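**Student:** Sharing a sequence plus its predicted fold:
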Amino acid sequence: MNTRNLLLVGLLGFAPALAAEVNILVTPESLKNSWQVVGAGPGDIRPEGKGWILPAGVQVARELAEAQGATGVAVTFIGRPHFAAAAANMPALEFGDALVAFARSGDDGVLVVLIGENEPVVLPFAFLLEEAGRSAEPLQVCLRFDPFNKRYSVDVGDQTLTIPGPPGHGGLPVTLALSAGENDSLAVDSLQITLSEPAIVVPDAPVGGVNNGSEGAATRPDQATARASAQAAIGSGASAREAAATPDVRASADSKAPTPSTLEIYTPMSGHRRLEALRRIERRLQP
């Protein structure tokens, strides 16, 4: 091997591994194209300020097909939800086998986490509420899934709870669902999906400009399709646009969608009996 080849091997051996991220911001417009909307029409989800409003009794859901092959998937919710005492009125963020519900315990708001059919876990911190039960300050909750270790984590502020996924979890892709309570709308400041791509080793590659789907990000060939769908939205400069990479899966008029009064989850997660689990936690939380 000549000196030039030895130098190249040395560069490859010590080059940093760069993992790119693609951020997809959910908007009312994207909900019309690639999301299933239960309990209302897509046009009923209206923008408000920099965010949007999910009407009472409405759920939006989507399979994250573009997550196939990702090394991690995260969903970040920012908003001021109503924390409800009754299970049917609890807003909920569902992601694969995990659910985070916004519940009320006395005068405080708490987060309830369910993984598969396990017993609910109440996270050990409380949130200040307004008189009507809405969060007094914007709240950020990030739900992450590690497909290789089959585990979930919930980030709230600087606190993280990690929970193993249930046995037999199918991995990626996963379905994401956001539900408003039966009686209260859900104010969403931001709902963002982050896909972490496989890290690859590149010689002398600049670290800057790799995140957020920017040009020049390190990519494996098997990630080209997922990146292209997100890049189409990001490349125009509209980084706050969602890549519509999945077909339109909006509920048809004759679909067996649940009524808003039951708020059963109309996704593959419906078999996990989560409403019953929330009803059990509802009784435990009330004084």
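**Tutor:** Nice, thanks for sending it over. Residues are numbered from 1 along each chain as shown.

**Student:** first vs last residue of stretch 153-173, how far apart are they?
**Tutor:** Length of stretch 153-173, first residue to last, Cα to Cα, to the nearest Å: 17 Å.

**Student:** Buried residues in it, which are they?
**Tutor:** 153, 154, 155, 156, 163, 165, 166, 169, 172, 173 (16 or more other Cβ atoms under 10 Å). Glycine gets a C-beta too; all of them are placed from N, C-alpha and C.

**Student:** For the stretch 1-150 of the chain, which segments count as strands?
**Tutor:** Secondary structure of the stretch 1-150 of the chain, counting by DSSP state E, counting those that start in this stretch: strands at 17-18, 21-25, 36-38, 46-48, 51-54, 59-63, 72-79, 92-95, 98-105, 108-115, 121-122, 127-128, 139-146.

**Student:** Just name the lowest-scoring one in the buried residues of stretch 153-173, pLDDT-wise.
**Tutor:** pLDDT across these is at its lowest for residue 169, which sits at 60.

**Student:** hang on, the earlier thing: the strands of the stretch 1-150 of the chain: which one's closest to residue 191?
**Tutor:** With Cβ to Cβ as the measure, strand 72-79 is the member of those nearest residue 191 (5.7 Å).

**Student:** what about the closest residue to residue 155 other than its chain neighbours, distance to residue 98?
**Tutor:** Using Cβ to Cβ, 6 or more residues apart in numbering and skipping residues adjacent in sequence, the residue nearest residue 155 is residue 142, 4.0 Å away. From residue 142 across to residue 98, the span is 12 Å (Cβ to Cβ, to the nearest Å).

**Student:** And stretch 107-114, what's buried?
**Tutor:** Applying 16+ other Cβ under 10 Å to stretch 107-114 flags 109, 110, 111, 112, 113, 114 as buried.

**Student:** and residue 68, how many neighbours does it have?
**Tutor:** Look at residue 68: counted by other Cβ atoms under 10 Å, it has 15 neighbours.

**Student:** How about residue 146?
**Tutor:** Close neighbours of residue 146, defined as other Cβ under 10 Å, add up to 17.

**Student:** ok, back up a step: could you give the bridge partners of the residue nearest to residue 155?
**Tutor:** When bridges are called by DSSP bridges, residue 142 pairs up with residue 76, residue 155.

**Student:** so it makes contact with residue 78?
**Tutor:** No: using Cβ atoms under 8 Å, residue 142 is not in contact with residue 78; the gap is 9.4 Å.

**Student:** Have a look at those two and say which one is more surrounded.
**Tutor:** Comparing residue 142 with residue 78 by other Cβ under 10 Å, the one with more neighbours is residue 142, at 19 against 16.

**Student:** OK, contacts around that one?
**Tutor:** Applying Cβ atoms under 8 Å, 6 or more residues apart in numbering, we find residue 142 in contact with 74, 75, 76, 77, 154, 155, 156.

**Student:** Closest one to residue 51 out of those residues, please.
**Tutor:** Nearest to residue 51 among the contacts of residue 142: residue 77, at 10.5 Å, using Cβ to Cβ.

**Student:** ok, the closest one - contacts?
**Tutor:** Going by Cβ under 8 Å, 6+ apart, residue 77 touches 93, 139, 140, 141, 142, 143, 178, 188, 190, 191.

**Student:** Just the CA coordinates for the longest strand seen in the chain, please, in CSV.
**Tutor:** When the chain is parsed with DSSP state E, its longest strand is strand 186-196. The C-alpha trace of strand 186-196 is given here as CSV (Å, rounded to 0.1, in the frame of the first residue of the first chain):
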residue,chain,number,x,y,z
LEU,A,186,-55.7,21.6,22.7
ALA,A,187,-53.5,24.6,21.9
VAL,A,188,-50.4,23.5,20.1
ASP,A,189,-47.5,25.9,19.9
SER,A,190,-45.3,23.4,18.1
LEU,A,191,-45.3,19.7,17.2
GLN,A,192,-42.0,18.5,15.7
ILE,A,193,-40.8,15.1,14.5
THR,A,194,-37.0,14.5,14.6
LEU,A,195,-35.4,11.6,12.7
SER,A,196,-31.9,10.7,13.5
